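Sequence and predicted structure are below.
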Amino acid sequence: MIIDGKACAARLNVATRAAVTTLTGLHRIQPALAVVLVGEDPASQVYVRNKVRQAGEAGIRSVEHRLPPDTSSDVLLALVRTLNDDPVVHGILVQLPLPAHIDEAQVIATIAAEKDVDGFHALNAGGLLNGAPHALVPCTPQGCVMLAKQQLGESLAGLHAVVVGRSNIVGKPLAVLLLQENCTVTIAHSRTRDIEAICRQADILFVAVGRAELVNENWIKPGATVIDVGINRTGSEQQGFRLVGDVDFKSATSRAGAITPVPGGVGPMTIACLLRNTVLAACHQNGIDRQLVPETVVR
Ligand code: NAD
């Protein structure tokens, strides 16, 4: 069983678009997302292009700020502060990674927490940990949980979820979200002993490592649901490049009950959750009930 992330994302985007229509029609507020790209990283350019295009399709106004690779921290921080103060901008996304001379943590800390639609600001990370209702939740972990529910139903309670990877962007917030869903959660990482045996205990296995096809059938309990977050480019210029996940898809399908493909799994959900966060941010900033944006619509 292949979990179709593209189809799930399309359904989520329909709901987001409906919320935008209500916001613009009833409340005269058009949600707006500012996207800041520093430098010319080809992958980042593709991500930004997709985000801007899909925002437009959802009725969200997007404002792109492209800055040269040698942009100073001061210039970038000044732009972020201007966007923070602009009442018609509801979400701010600074595309990562930033050039090495810029302190990413400082940039994230400067984004107003209520406009931090990536959910990386310490106030949002802490809010997620505390279960604060208005915390903006990182998009990829949100999408991962929705995909698990797509396969397993609305309740994940009591299931053993193993998360491989402990980054601030994916692994850690994903583990917290799964705890909120009443899963029993294990976090595995590069220093975990006997990682394959631990993963084999998982009812749901989430892999966010960044190592091409690391996980094979030996890591998977028969019938488990596997959510592959990894995006890795393999191949060469001569043979052609291809995107693969952190899971060896062919091997894993012999054991898994259900699995997300790469591409077409978690990736589309990340963008859909970003658009959803932008609408939630616009609601929050204008005192509008967040119920306008459905909690989950993937099934
Ligand atoms: P990261 O490099 O910040 O973290 C990787 C984590 O994997 C670390 O916590 C490390 O402990 C763990 N790890 C490394 N090697 C390991 C090993 N051999 N065994 C077990 N654990 C190991 O990466 P990240 O930002 O969390 O991203 C992970 C992957 O997810 C990357 O491929 C990235 O491109 C992808 N990603 C995809 C999306 C999406 O939208 N689909 C979004 C974010 C990240």
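Sure, I can see it. Predicted, not measured: the structure shown is a model, and the values here were computed from it.

neighbours around residue 61, how many?
By other C-beta atoms under 10 Å, the residues close to residue 61 number 17. Using the backbone N, CA and C atoms, a C-beta is placed for each residue, glycine as well.

Contact residues of the stretch 51-200 of the chain facing the ligand?
Taking C-beta under 6 Å from any ligand atom as the contact definition, the stretch 51-200 of the chain meets the ligand at 140, 164-167, 169-171, 189-190, 195.

ok but residue 186 is inside a strand, no?
Yes: according to DSSP: H, G, I helix; E, B strand; the rest coil, residue 186 belongs to a strand.

Top of the residues of the stretch 51-200 of the chain next to the ligand by number of neighbours, please.
Scoring these on neighbours with other C-beta under 10 Å, the highest-scoring entry is residue 164 at 28 neighbours.

Next, give phi and psi for it.
Dihedral angles of residue 164 (phi, psi; degrees, to the nearest 10) stand at phi -100, psi 120.

who are the neighbours in contact with it?
171, 188-189, 195, 199, 205-209, 215, 246 (C-beta atoms under 8 Å, 6 or more residues apart in numbering).

ok, now how distant is it from residue 211?
To residue 211, residue 164 is 10 Å away according to C-beta to C-beta, to the nearest Å.

show me where pLDDT drops low in the protein?
Scanning the chain for pLDDT under 70 picks out 296-299.

Show me the domain layout of it.
27-112, 139-267 (automatic domain parsing).

and residue 235, that's in a strand?
Yes: secondary structure of residue 235 (three-state DSSP): part of a strand.

quick one: it and residue 243 touch, right?
No: using C-beta atoms under 8 Å, residue 235 is not in contact with residue 243; the gap is 9.4 Å.

if you count what's nearby, which of these two comes out ahead?
Applying other C-beta under 10 Å to residue 235 and residue 243 shows that residue 243 carries more neighbours, namely 15 against 11.

what helices or strands is the helix or strand hosting the more buried one leaning on?
Element membership for residue 243, per DSSP states H and E: strand 240-244. Where contact means 3 or more C-beta pairs under 8 Å, 6 or more residues apart in numbering; DSSP states H and E, strand 240-244 is packed against strand 232-236.

Check which residues of the strand it packs on are buried.
residue 232 (16 or more other C-beta atoms under 10 Å).

which residues in the stretch 151-299 of the chain form strands?
With strands called from DSSP state E, counting those that start in this stretch, the stretch 151-299 of the chain shows them at 160-164, 184-188, 204-207, 225-228, 232-236, 240-244, 258-259.

how about the strand holding residue 243 as PDB, C-alpha atoms only?
Listed in PDB are the C-alpha atoms of strand 240-244, where the atom choice follows Å, rounded to 0.1, in the frame of the first residue of the first chain:
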ATOM      1  CA  GLY A 240      21.200  11.500 -14.500                       C
ATOM      2  CA  PHE A 241      20.200  12.400 -11.000                       C
ATOM      3  CA  ARG A 242      17.300  10.900  -9.100                       C
ATOM      4  CA  LEU A 243      15.600  11.600  -5.800                       C
ATOM      5  CA  VAL A 244      15.500   8.800  -3.200                       C
END
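
any residues touching that strand, and which ones?
Outside strand 240-244, the residues that touch it by C-beta under 8 Å, 6+ apart are 212-213, 230-235, 262-263.

which ones among those residues come in contact with the ligand?
Near the ligand, by the rule C-beta under 6 Å from any ligand atom, you find 230-232 out of these.

on that earlier part again, between all of the contacts of strand 240-244, which two are at the greatest distance?
230 and 235 (15.4 Å; C-beta to C-beta).

Need the winner for burial among the domains of the chain.
Burial of the domains of the chain is given as mean neighbour count (mean count of other C-beta atoms under 10 Å); domain 139-267 ranks first at a mean of 19.

Can you give the distance from it to the centre of its chain?
Centre-to-centre, domain 139-267 and its host chain are 14 Å apart (C-alpha atoms, centre = their mean, to the nearest Å).

list the contacts for residue 97?
Shown in contact with residue 97 (C-beta under 8 Å, 6+ apart): 41, 44, 104.

Check which helices and strands the helix or strand harbouring the second one is in contact with.
Secondary structure here is read from DSSP H and E; on that basis residue 44 sits in helix 42-57. When contacts are defined as 3+ C-beta pairs under 8 Å, 6+ apart, helix 42-57 sits against helix 5-27, strand 32-38, strand 61-67, helix 266-285.

let's go with 10 Å and repeat that
Using 3 or more C-beta pairs under 10 Å, 6 or more residues apart in numbering; DSSP states H and E as the contact test, the elements touching helix 42-57 are helix 5-27, strand 32-38, strand 61-67, strand 91-94, helix 266-285.
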